[in-house]
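**Student:** With the input below, show me the fold.
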Amino acid sequence: MNKLQPLVIALLVLGYVWGAFSAWSDLHGTGYAKDNASYYYATQALNAGENPYEPTALETLAQQDGFTSDVYPYLYPPPFLVGMTWARPLGYASTAALLFAIHHVCVLVFGAILRRWLGAPILLIAGVLATCTPLIHTARVGQVNAIVLMLIAFGLWRHRGTSIAMAAMIKMSPAILLGGWAIQRKWRPLWSAIIAAIVLTLGALVVVPFEVQK
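**Tutor:** Numbers count the residues shown, from 1 in each chain. Presented below is the predicted three-dimensional model:
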């Protein structure tokens, strides 16, 4: 098996790349707005002085760009909008391409974390990443789940509450993981996560007005 391992890994990498190309084609192959349109147009709506949590504001902007479907409502915490401010001067296509690239970088970093954290064999990691269909699907629909996954993995590996807080400020569900630290009486990462979440929320007031956050 040792002699075949490089070949198997190469085939798994090719399989992942093939899936990535398929995901890219699906992401841009129709006029239907994907999840990343919600992030992009929420950022643009905020920049225009409108409420990003108002679905019609996003839909109006998306229709101006030629989308034939409604944009998903923006349902994410305000600090995530701060993290998306880099998209303000960009068009939707450029933003989608960058998010797509960030997705795959985060997948690679996640694999490296598994290697360091669990000591998992490279062949096993390559097999998991190449055959985990949700990873390709999340790229296909323009989601940011790979970023959240990377932050969660790093936070649990290094007991970094700030990393879990950042993940929770993108998607709220990672906050559930704090219950595990509470049960284990790991107070330092637990409190650092809570403090980081508060700081990120207050810091977002610079970009996201209180009336919008409320």
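
**Student:** Buried residues, the longest helix along the chain. List them.
**Tutor:** The helix of greatest length in the chain, counted in residues with DSSP state H as the criterion, is given as helix 92-118. Applying a neighbour-count criterion of 16 or more other Cβ atoms under 10 Å, the buried positions in helix 92-118 are 92, 95-97, 99-100, 103-104, 106-107, 109-111, 113-114. Yep, even glycine has a C-beta here, placed from its N, CA and C like the rest.

**Student:** From the contact counts, what lies against that helix?
**Tutor:** For helix 92-118, the packing partners by 3 or more Cβ pairs under 8 Å, 6 or more residues apart in numbering; DSSP states H and E come out as helix 5-28, helix 35-47, helix 122-131, helix 133-140, helix 145-158.

**Student:** returning to what we had before: pick out the most distant pair among the buried residues of helix 92-118.
**Tutor:** With Cβ to Cβ as the measure, no two of the buried residues of helix 92-118 lie farther apart than Tyr92 and Leu114, at 32.8 Å.

**Student:** quick one: low-confidence parts of this structure?
**Tutor:** Using pLDDT under 70 as the threshold, the predicted model of the chain has low-confidence ranges 1, 29-31.

**Student:** quick one: the residue most central in space within the chain from Ser38, how far?
**Tutor:** Here the mean C-alpha position of the chain is nearest to the C-alpha of Val144 (Cα atoms, centre = their mean), at a distance of 2.2 Å. Here the distance between Val144 and Ser38 works out to 10 Å (Cβ to Cβ, to the nearest Å).

**Student:** Same question for Asn51.
**Tutor:** Asn51 sits 14 Å away from Ser38, going by Cβ to Cβ.

**Student:** Comparing the two, which residue is more hemmed in?
**Tutor:** Just comparing Asn51 and Ser38: by other Cβ atoms under 10 Å the higher neighbour count belongs to Ser38, 22 against 16.

**Student:** about what we covered before: and of the buried residues of helix 92-118, the nearest to Thr162?
**Tutor:** Distance to Thr162 across the buried residues of helix 92-118 (Cβ to Cβ) is lowest for Ile113, with 15.6 Å.

**Student:** Which residue is the nearest non-sequential neighbour of that closest one?
**Tutor:** Spatially, and ignoring its direct neighbours in sequence, Ile113 is nearest to Ala153 (4.6 Å; Cβ to Cβ, 6 or more residues apart in numbering).

**Student:** repeat for Ile152
**Tutor:** Ala167 (5.1 Å).
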